[in-house]
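Enquirer: Okay, here's the prediction I keep looking at, along with the sequence it came from:
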Amino acid sequence: MSPSDVIMGATAFAVALILFWLYRDARARDANPTLWVACLALFALFVHVFLVPLGLIVYLFVRPKGRLDRCPNCGVAYLHWLAECPKCENRLKKDCHRCHAAVPIKSDRCPECGAPL
């Protein structure tokens, strides 16, 4: 086994890890994971494999920002500002009757005005 085979294998493994992480992160952020992975995989195949990290950097700049929480119903990760789960479509937020703020479904009081829910 020559050193170039080892380098090519390590590069292919690193690209596979990047694509796997990108798919999971884009799926959790509801950012069309199939499109992102297909674009980066085609970029690696037809342009140059060493430029895949550049595509990852572009994704990191344009992906939906925010904290990821877990859905209490199905356990999938979702962005904290979403009103419903992207997988099971159950409600994650409810409205405060006094100030109309979006409140987590498990809260007893509104964090904005303190009104009971």
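Expert: Perfect, I can see it now.
Enquirer: where in this protein is pLDDT low?
Expert: Counting by pLDDT under 70, the chain has no low-confidence residues at all.
Enquirer: remind me, longest helix of it?
Expert: The residue-count maximum for a helix in the chain (DSSP state H) belongs to helix 3-28.
Enquirer: Can you give me the buried ones in that one?
Expert: Residues 15, 18-19, 22, 25-28 are the ones in helix 3-28 that count as buried (16 or more other CB atoms under 10 Å). Using the backbone N, CA and C atoms, a C-beta is placed for each residue, glycine as well.
Enquirer: Strands along the chain, start to end?
Expert: 68-70, 77-79, 93-95, 102-104 (DSSP state E).
Enquirer: Name the stretch among these that sits most buried.
Expert: Most buried of the strands of the chain, by mean neighbour count (mean count of other CB atoms under 10 Å): strand 77-79, with a mean of 19.
Enquirer: Quick check: neighbours of that one in the sheet, parallel or antiparallel?
Expert: For strand 77-79, the paired strands and their directions (DSSP bridges) read strand 68-70 (antiparallel).
Enquirer: Just give me how far the partner strand sits from the chain centre.
Expert: Strand 68-70 sits 10 Å away from the centroid of its parent chain (CA atoms, centre = their mean, to the nearest Å).
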